[in-house]
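Enquirer: I would like the atomic coordinates for the input below:
(one chain, ligands or ions: 1)
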Amino acid sequence: MYKSYLAASEFIDMTKIPGPKAASIVKEFKKIAYDSTFTYPLVIKTGSGCVIEDVDGNKFLDFTSNIGSCPLGYSHPEILGIIKDYCSTKNGVHKMAGQDFYCEEHIKIGKRLLSISKKNSKVFFINSGAEAVENAIKLAYKKIGPLPGVSCMGDFHGRTLGALSFTMSKKVQKTNFPELPVKRIKFCTADSDPQINQLESLLREHKVAFILTETIQGEGGLNVASKLFIQNIRKLADKFKVPLIFDEVQSGMGRTGKWWAYEHYGVEPDIMSVAKALQVGATVYDKEYEPDESGVLSSTWGGGDRIDMAVGTKIIEIIVNDGLLSNSQRIGNMLLKNFVDIIGIKGLIDVRGIGLMIGLEFDTKTVRDYVVNRLFKKGLLVLPAGIKSIRIMPPLIINEEEAAKGISLICDTINRYHK
Ligand SMILES: Cc1ncc(COP(=O)(O)O)c(C=O)c1O
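Expert: Take a look at the predicted model:
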């Protein structure tokens with residue numbers, strides 16, 4: 001049985017959530033903008049460390065890192081220092097056409113990123129994760145030709161139409177949107193899966209331009225690929241001379257206790273997509289995929305946000321200097337162990353993950369939604385993933401005390417669910 005780290009008195013509602021300001025902003029927002037993937041009425045004002053404060057002064061322990069995009073939490077002094085540096089006329093061009101003009105920030109972030117990436121790589125900077133994927137597949141098409149691409153069931157690669165073609169995590173993301181030619185294979189989570197060799201027969205029968213996959217599916221339900229499955233894909237990509245693209249937009253930048261989730265599999269990609277925690281989108285590619293003429297890829301703002309590039313560079317530096325890869329492993333193991341201990345309670349059917357990328361799967365969407373919303377009211381932010389799972393991704397700076405508080409809130413909430 002898990003140990004509760006909370007006094008009973010702590011397990012009461014803070015204030016009415018959402019508070020009046022938050023409720024009013026959400027109402028106004030819905031009138032003027034598309035109500036997209038908002039899970040609960042959180043209206044962010046500020047934050048410090050692993051805590052986010054809303055516009056009514058309510059404080060939330062953040063187990064989402066803004067979907068992995070804020071690995072150092074909030075108000076990190078070194079990051080605030082960088083932002084301050086850009087608040088002067090010395091750095092008056094804070095944003096520029098980054099594929100049309102050069103700046104020093106390109107060099108700094110590029111060198112840092114390549115220092116932690118596969119050897120013999122170069123990088124193309126862009127705005128978002130979807131565009132990092134979009135440009136990864138363009139590099140592959142450019143070299144191999146306009147053939148179908150392979151991706152996995154349950155994968156999420158973004159929502160621009162190219163990237164979306166290879167996304168298959170939720171129906172709502174796909175219905176009525178046309179697709180580029182795609183061949184899908186099962187995303188195998190067990191070495192014993194009978195479909196683990198499905199790719200081999202597919203590659204024997206069809207010529208393809210690339211194989212694109214996540215190694216840990218985030219949006220699709222926090223599914224961890226089997227080691228054999230990923231190693232097999234690498235071998236087949238080599239055998240059939242097909243570029244292998246790993247999408248590290250969510251799982252990369254130290255989230256799993258290594259820089260890239262693929263490192264847990266002992267293989268490397270030919271091309272990878274990075275974004276979120278890096279603050280800018282980036283397609284990192286083996287030099288053999290460099291287009292032989294300029295102008296093949298570009299974008300006005302891509303590689304143009306100098307503040308984001310400076311912050312991304314500093315994030316890599318801090319992850320190294322503050323030992324945040326090992327913190328991710330250590331706190332990740334603590335979270336995982338405590339959640340594994342309560343499998344079987346009130347519909348919690350599985351717990352899985354690596355480092356600070358952890359999923360809790362329930363037997364129904366109803367329990368999952370109850371837990372997510374109840375935790376929000378208790379002051380802990382977690383996100384849904386897939387159909388009936390919860391995604392837990394705290395900032396990499398999280399300490400044991402914060403982890404223990406989150407564990408107690410999650411375990412107590414699950415325990416108190418009445419079917
Ligand atoms: C694995 C993966 N790829 C691509 C994307 C798309 O990134 P963005 O939302 O920045 O376009 C996401 C976003 O969640 C993701 O998780």
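
Enquirer: per-residue confidence for residue 10?
Expert: Looking at residue 10, its pLDDT reads 49.

Enquirer: try residue 317
Expert: Note on residue 317: pLDDT of 98.

Enquirer: and the residue of the chain found nearest the ligand, backbone torsions?
Expert: Distances between the chain and the ligand by Cβ to the nearest ligand atom are smallest at residue 129, namely 2.2 Å. Every residue, glycine included, has its C-beta placed from N, CA and C. When quoted as degrees, to the nearest 10, the phi and psi of residue 129 stand at phi -70, psi -40.

Enquirer: residues contacting residue 288?
Expert: By Cβ atoms under 8 Å, 6 or more residues apart in numbering, the contact set of residue 288 is 143, 270.

Enquirer: ok, 10 Å please
Expert: 120, 139, 143, 243, 270 (Cβ atoms under 10 Å, 6 or more residues apart in numbering).

Enquirer: likewise residue 117?
Expert: So residue 117 contacts 123, 248, 252, 259-260, 268-269, 272, 274, 282, 284-286 (Cβ under 10 Å, 6+ apart).

Enquirer: Show me the residues you listed that map onto strands.
Expert: Among the contacts of residue 117, the members found in strands (DSSP state E) are 123, 272, 274, 282, 284, 285, 286.

Enquirer: For my notes, please list those residues in JSON lines and give pLDDT and distance to residue 75 for each entry.
Expert: Listed next are the ones in strands among the contacts of residue 117 as JSON lines, based on pLDDT from 0 to 100; distance: Cβ to Cβ, whole Å:
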{"residue": "123", "pLDDT": "98", "distance to residue 75": "29"}
{"residue": "272", "pLDDT": "98", "distance to residue 75": "30"}
{"residue": "274", "pLDDT": "98", "distance to residue 75": "24"}
{"residue": "282", "pLDDT": "98", "distance to residue 75": "25"}
{"residue": "284", "pLDDT": "99", "distance to residue 75": "30"}
{"residue": "285", "pLDDT": "98", "distance to residue 75": "35"}
{"residue": "286", "pLDDT": "98", "distance to residue 75": "38"}
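
Enquirer: now the helices: where do they sit in the stretch 1-150 of the chain?
Expert: Ranges of helices in the stretch 1-150 of the chain, per DSSP state H, counting those that start in this stretch, are 20-32, 65-68, 77-85, 104-115, 129-144.

Enquirer: May I see those helices organised as JSON lines, with distance to residue 41, mean pLDDT and mean neighbour count added?
Expert: Listed next are these as JSON lines, based on distance: least, Cβ to Cβ, whole Å; pLDDT from 0 to 100; neighbours: other Cβ atoms under 10 Å:
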{"stretch": "helix 20-32", "distance to residue 41": "5", "mean pLDDT": "98", "mean neighbour count": "13"}
{"stretch": "helix 65-68", "distance to residue 41": "16", "mean pLDDT": "98", "mean neighbour count": "22"}
{"stretch": "helix 77-85", "distance to residue 41": "27", "mean pLDDT": "95", "mean neighbour count": "12"}
{"stretch": "helix 104-115", "distance to residue 41": "35", "mean pLDDT": "98", "mean neighbour count": "17"}
{"stretch": "helix 129-144", "distance to residue 41": "25", "mean pLDDT": "98", "mean neighbour count": "24"}
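
Enquirer: Can you report how many residues neighbour residue 228?
Expert: Burial of residue 228 is recorded as 16 neighbouring residues (other Cβ atoms under 10 Å).

Enquirer: just checking, it is part of a helix?
Expert: Yes. Judged by DSSP: H, G, I helix; E, B strand; the rest coil, residue 228 forms part of a helix.

Enquirer: That one reaches residue 199, doesn't it?
Expert: No. With contact defined as Cβ atoms under 10 Å, residue 228 does not reach residue 199; the gap is 11.9 Å.

Enquirer: any residues in contact with both of those two?
Expert: Applying Cβ under 10 Å, 6+ apart, one finds that residue 228 and residue 199 are jointly contacted by residue 188.

Enquirer: How is this protein divided into domains?
Expert: 8-75+323-415, 96-304 (automatic domain parsing).
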